[in-house]
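Enquirer: Curious how this folds, go ahead:
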Amino acid sequence: SAESLDLASELDRREAANGVELELDSAATDADVRVPTADDVRRVRRGYRLRPGVAGDDAMGWVLTRAGLCDEGLRFARRSLRLGTKDALMFFHAAMAARCAGKSREAVSYLRAARRINPYFSVRWAPVAERMLAELDPS
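Expert: Prediction:
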C-alpha cells in the first residue's frame, strides 16, 4: 500500500541519516513497484560497489532485469544463487531474468525451485510466478 511505502521511505531516510548504505535495498524495492529508471540503475550499481555479495548480486540482477538489461541481469541473478540459497524470492528473480533473456527452460527450473522452497514466498510475486510457470511449462 502507499502507506507502507511511505513508512518504508521514512525509515530509509532515518537509516541513511545515520550512515547506513541503502542504495541496493532502495533500488531493489523501487524495482518491485515500478520499471527502474536510468537513475535507479546508476544507484544500484553504486550500491553494489559499496556492498558486493550475494544480496548485492540479487539486487543488481533484479533491477537490471526490470530495467530491460536482461543478459546482464541474468548474469547477476545466476551469481546470486552460487552459494546454494534457499530463498524463493531470489529464485523468482533469477526466473524473471532468465525469461527476460530468452532462456525459458532455465526460467522454468528457477520457478520450480522457488515453488519447492516456498510457494507463498510473496503476496505480489508468487501469483506471477505461478502464471509464468503455467505459460512456460503447460504440462
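Enquirer: show me where pLDDT drops low in the protein?
Expert: Low-confidence segments of the chain (pLDDT under 70): 1, 4-9, 11-21.
Enquirer: which ones are touching L111?
Expert: F91, F92, A95, A129, M132, L133, L136, D137 (Cβ atoms under 8 Å, 6 or more residues apart in numbering). All C-beta atoms are positioned from the backbone trio N, CA, C, and that covers glycine.
Enquirer: Quick one: neighbours of the last one, just the number.
Expert: Looking back up the chat, that one is D137. 14 (other Cβ atoms under 10 Å).
Enquirer: residue closest to the middle of the protein?
Expert: W62 (3.3 Å; Cα atoms, centre = their mean).
Enquirer: Look up the closest residue to it, ignoring the ones flanking it.
Expert: Of all residues not flanking W62 in the chain, H93 sits nearest, at 4.6 Å (Cβ to Cβ, 6 or more residues apart in numbering).
Enquirer: I'd say that neighbour and M60 touch.
Expert: No. Assessed by Cβ atoms under 8 Å, H93 is found out of contact with M60, at 10.0 Å.
Enquirer: ok, back up a step: quick one: the contacts of L111 as TSV, columns for secondary structure too.
Expert: Converted to TSV, the contacts of L111 look like this (DSSP: H, G, I helix; E, B strand; the rest coil):
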residue	secondary structure
F91	helix
F92	helix
A95	helix
A129	helix
M132	helix
L133	helix
L136	helix
D137	coil
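Enquirer: Which one of those residues is nearest to S122?
Expert: The nearest member of the contacts of L111 to S122, counting by Cβ to Cβ, is F92 at 7.2 Å.
Enquirer: Please name the residues that touch the closest one.
Expert: Residues in contact with F92 (Cβ under 8 Å, 6+ apart) are Y110, L111, A114, F121, S122, W125, A126, V128, A129.
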